[in-house]
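J.: Build me a model:
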Amino acid sequence: MSTTQSERLRELLEPLVTSQGLDLEEIAVDSVGRKRVLRVVVDSDTGADLDQIADVSRALSAKLDDSDAMGAGEYTLEVGTPGAERLLKEHRHYVRAVDRLVKFQLTEGGELVARILKVDDEGLDLEVPGVKGRKATARRIAFSDIDKARVQVEFNRKDKNEEEA
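T.: The predicted model follows:
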């Protein structure tokens, strides 16, 4: 997708997504054989439920039908959320990932897997899990030290209520 098409689509769709109480996270146009697929990723601080996704999908579809942003050819519109293993890029992504386990690629090399405890304007307060029975340790990391960060899926984590019982 050309930068100009991406920018045009963002300018067209972002106000509509925002009016629905959501953030426009990503827009991508992919060719699948002879078909084109417009993927729109939305989210909010409280997440997006299926009703919100359906509402914004209908609104985006109507807006796209009234414009020439996708050209004359056929395409499929897919609207969804970032998913469980989302890549963290914006400050708001880190805020939404508080209490989640994240794998960090550090700018000076190496990786770190830790739970985000707190986010401020400069960086993150983390809890690095202990290994082989050792206690977890606290660590502070600046945003400038992060090259890439991705939320990790946890299958066997006890929630706070279970731990306190």
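J.: low-scoring stretches of the protein, by residue?
T.: Low-confidence segments of the chain (pLDDT under 70): 1-3, 157-165.
J.: That one: strands as residue ranges?
T.: With strands called from DSSP state E, the chain shows them at 23-32, 35-43, 75-80, 101-106, 111-119, 123-128, 137-142, 146-151.
J.: Distance check, the closest residue in space to T18 that isn't next to it in sequence against V40.
T.: Of all residues not flanking T18 in the chain, L24 sits nearest, at 7.2 Å (C-beta to C-beta, 6 or more residues apart in numbering). Just so you know, the C-beta spots here come from the backbone N, C-alpha and C atoms, and that holds for glycine as well. Relative to V40, L24 is positioned 7 Å away (C-beta to C-beta, to the nearest Å).
J.: what's the overlap in contacts for these two?
T.: Overlap of the contact sets of L24 and V40 (by C-beta atoms under 8 Å, 6 or more residues apart in numbering) consists of L13, V17.
J.: hang on, the earlier thing: with A69 as the reference, name the closest of the strands of the chain.
T.: Comparing those by their distance to A69 (C-beta to C-beta), the top pick is strand 35-43, with 9.1 Å.
J.: Please spell out which residues along that closest one are buried.
T.: Across strand 35-43, burial judged by 16 or more other C-beta atoms under 10 Å covers R36, L38, V40, V41, V42, D43.
J.: The third one reaches R10, doesn't it?
T.: No. In this structure, V40 is not within contact of R10 by C-beta atoms under 8 Å, at 9.9 Å.
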